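[1] Kindly return the folded structure for what I paste below:
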Amino acid sequence: MSYLDPVMLARIQFGFTISFHIVFPAITIGLGSYLAVLEGLWLIRKDPVYLDLYHFWSKAFAVNFAMGVVSGLVMAYEFGTNWSYFSTFAGGVTGPLLAYEVLTAFFLEAGFLGVMLFGWTKVGPGLHFFATLMVAAGTVVSMTWILASNSWMQTPQGYEIIGGRVVPTDWLKVIFNPSFPYRLVHMGLAAYLATALFVGSAGAWHLLKYRDNPRVKTMFSMAMWMLLIVAPVQIFAGDEHGHNTLEYQPAKIAAMEGHWSNAPGESVPLILFGWPDMAARKTLYALEVPHLGSLILTHTWDGQIPGLDEFPAGDRPDSAIVFWTFRIMVGLGMLMALLGVLGAWLRWRGQLYDQRLFLRFAVAMGPAGIVAMLAGWMTTEIGRQPWVVYGVMRTADAASRHSALALSTTLAIFVAVYCAVFGTGISYLLKLVAKGPDRGIGPPDPHANLSPARPLSGAPDIDPLSAGTGA
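    Numbers count the residues shown, from 1 in each chain. Predicted structure coming up:
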């Protein structure tokens, strides 16, 4: 398939827009739970440090929430414009699931978001904490419905095809399809890790600037605890998810491993590095560890998995891409676990906030959670090809009949607009984080603004010249 092929251009366009979108909700999910923890600790301990951190990170939450909503609206239209045959065929399943997401999660978030951001002087502490909990819960519920829809496309269950369309016959099987529990846990942990790395890198950056005040130390310490606990759990969850994928999508696993064929009685090596050649049907320059592939994938010393040669050529995912995106995700995951362990060791030695090489490592790892999440998403979605609904509908049959010129033109427009709009938003967010948490900012003045407020107005104006001068 040529990259100028209309189907490929439609895939690239959707992949580009969703790559922007997935970042903001993921950070929103993590920050929502982080804010709930901060406010809960403040209510219990009455330590103003937690309140200061709450108000500081609620501004970042408001920015992420606004950009997530805007970027998500575009994808809803793309289903109709670029993937109309998919919408016609599978809309009986995906349409209701996305509607449930709006009716439950989005309304829950939107209903309590105003109280969370602007209700400090309007409601009591208990009710405000309840609003924060509801917003945090709404982000998780939203993720649940979205992953239920996407997981059904990976492992479809509970349906019949009647009159050329998918008709749900068992909604419990549709929602709780075989890959859904694994993907929900894996994505949820990824969101928390990405947020912990974001918060931790911000704290490390301020510590490197010698802003070692209690607020910076607290948020850095909390982030390191989160990494220490969650990173190993994510490794275990990823392993379980891989075994589920091997059962239901063996071609994807073969592509991820660059594994082409089995010799009788031989084990599967783990290929650390190499270059899968789809035309030659082998992985070139492979650096292998004997038996380790069998041990990881089958939990036996000489177990075998299906090779790519066992699948028709038209049903093989592009191993050259998913082989490397998978290794990027795993490699960054190992570095996250290393960062957490190093943090625990330095904490034990009383040097958590003073070891500058470690702090630079934490700053460099700031984007790692987002990069790993995008690499994992690419592994999942490209590894599903050539199916849009695995084993049921091919991607080529799902795309609308647009010309390559129309798709390439709109793709160029998307790239320009997204880079301008979201580039500005990300720049603002980084300036906000660089300013740092203030001491005793407290709740906003109830008389400062009597007009209705938007979520983004929960974040302050930033003077570019003053960014990075916070105490």
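
[2] got a list of what Y100 touches?
    W145 (C-beta atoms under 8 Å, 6 or more residues apart in numbering). Every C-beta, even on glycine, is put in place using the N, C-alpha and C of the backbone.

[3] Helix, strand or coil: sort out it for me.
    helix (DSSP: H, G, I helix; E, B strand; the rest coil).

[4] separation between it and E160?
    Distance from Y100 to E160, counting by C-beta to C-beta, to the nearest Å: 21 Å.

[5] Likewise for G314?
    25 Å.

[6] Give me the distance between stretch 370-384 and the centre of its chain.
    9 Å (C-alpha atoms, centre = their mean, to the nearest Å).

[7] pLDDT of it, averaged?
    Averaged across stretch 370-384, pLDDT comes to 94.

[8] Residues contacting the least confident helix or strand in the chain by mean pLDDT, please?
    Within the chain, confidence by mean pLDDT, DSSP states H and E is lowest for helix 107-118 among all helices and strands, at a mean of 83. By C-beta under 8 Å, 6+ apart, the residues outside helix 107-118 that reach it are 35, 58, 62, 65, 122-123, 127-128, 130-132, 134-135, 137-139, 141-142, 444, 453, 455, 458.

[9] list the buried ones in it?
    For helix 107-118, a neighbour-count test (16 or more other C-beta atoms under 10 Å) marks 108-109, 112-118 as buried.

[10] which stretches of the stretch 351-471 of the chain aren't confidently modelled?
    Counting by pLDDT under 70, the ranges of the stretch 351-471 of the chain that qualify are 439-471.

[11] how about the helices of it, start to end?
    Listed in chain order, the helices of the stretch 351-471 of the chain (DSSP state H, counting those that start in this stretch) span 356-364, 368-384, 395-398, 404-435.

[12] so where is the stretch 1-150 of the chain shaky, pLDDT-wise?
    1-3.

[13] and with 80 instead?
    Scanning the stretch 1-150 of the chain for pLDDT under 80 picks out 1-4, 71-73, 76, 105-110.

[14] I figured G391 was touching P156, is that so?
    Yes - applying C-beta atoms under 8 Å, one finds G391 in contact with P156, separated by 7.4 Å.

[15] Between the two, which is the more surrounded one?
    Per other C-beta atoms under 10 Å, whichever of G391 and P156 has more neighbours is P156, with 23 against 12.

[16] How is that one assigned, secondary-structure-wise?
    P156 - assigned by three-state DSSP - is coil.

[17] can you tell me which residues contact W260?
    For W260, the contacting residues are 254, 281-283, 307-309, by C-beta under 8 Å, 6+ apart.

[18] Please disregard the earlier target; I meant D170.
    So D170 contacts 157-158 (C-beta under 8 Å, 6+ apart).

[19] now do 6 Å
    By C-beta atoms under 6 Å, 6 or more residues apart in numbering, the contact set of D170 is G158.

[20] do you know how far it is from A251?
    Relative to A251, D170 is positioned 26 Å away (C-beta to C-beta).

[21] Over to I328?
    In terms of C-beta to C-beta, I328 sits 20 Å off from A251.

[22] Repeat that for I235.
    24 Å.

[23] Repeat that for L411.
    For L411, the distance to A251 - C-beta to C-beta - is 28 Å.

[24] More neighbours: these two, which one.
    Neighbours were counted for L411 and for A251 using other C-beta under 10 Å; A251 has more, 24 against 17.

[25] Just give the closest residue to the more buried one, not the sequence neighbours.
    F311 (4.9 Å; C-beta to C-beta, 6 or more residues apart in numbering).

[26] show me where this protein has strands.
    For the chain, the strands defined by DSSP state E cover 159-162, 165-168, 270-277, 282-289, 387-389, 393-394.

[27] what's next to stretch 44-60, contact-wise?
    So stretch 44-60 is contacted by 31, 35, 38-39, 41-42, 214-215, 218-219, 432, 437, 441, 459 (C-beta under 6 Å, 6+ apart).

[28] Those residues, buried ones only, as a PyMOL selection?
    A single PyMOL command selects the buried members of these (16+ other C-beta under 10 Å):
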select buried, resi 31+35+38+39+41+42+215+218+219+432+437+459
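
[29] and the contacts of stretch 44-60 as JSON lines, adding distance to S149?
    Shown next, in JSON lines, are these (distance: C-beta to C-beta, whole Å):
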{"residue": "L31", "distance to S149": "24"}
{"residue": "L35", "distance to S149": "27"}
{"residue": "L38", "distance to S149": "31"}
{"residue": "E39", "distance to S149": "31"}
{"residue": "L41", "distance to S149": "35"}
{"residue": "W42", "distance to S149": "36"}
{"residue": "P214", "distance to S149": "43"}
{"residue": "R215", "distance to S149": "40"}
{"residue": "T218", "distance to S149": "38"}
{"residue": "M219", "distance to S149": "34"}
{"residue": "L432", "distance to S149": "33"}
{"residue": "P437", "distance to S149": "37"}
{"residue": "I441", "distance to S149": "40"}
{"residue": "A459", "distance to S149": "31"}
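
[30] Which of the contacts of stretch 44-60 sits closest to V230?
    Within the contacts of stretch 44-60, the smallest distance to V230 is 14.9 Å, found for L31 (C-beta to C-beta).

[31] Could you work out the end-to-end span of stretch 383-401 for me?
    Across stretch 383-401, the terminal residues are separated by 24 Å (C-alpha to C-alpha, to the nearest Å).

[32] that older thread, for the helices of the stretch 351-471 of the chain, which one ends up most surrounded?
    Of all the helices of the stretch 351-471 of the chain, helix 368-384 carries the top mean neighbour count, a mean of 22, counting by mean count of other C-beta atoms under 10 Å.

[33] Centre of the chain to that helix, how far?
    The answer for helix 368-384 is 8 Å, by C-alpha atoms, centre = their mean.

[34] Equivalent analysis for stretch 410-425, please.
    20 Å.

[35] Can you tell me what sits against that stretch?
    13, 20, 67.

[36] between those, which is closest to S87?
    Out of these, the member with the shortest distance to S87 (by C-beta to C-beta) is Q13, at 15.7 Å.

[37] re earlier: narrow the contacts of stretch 44-60 to those in helices?
    When DSSP state H is applied, these are split such that 31, 35, 38-39, 41-42, 214-215, 218-219, 432 fall in helices.

[38] So for I22, what's the nearest residue that isn't a sequence neighbour?
    In this structure, I22 finds its nearest non-sequential neighbour in W377, 6.2 Å apart by C-beta to C-beta, 6+ apart.

[39] actually D5, not the one I typed
    Among residues not flanking D5 along the chain, A404 sits closest, at 7.0 Å (C-beta to C-beta, 6+ apart).

[40] Could you do S403 as well?
    Here the residue nearest S403, using C-beta to C-beta, 6+ apart, is P6, at 6.5 Å.
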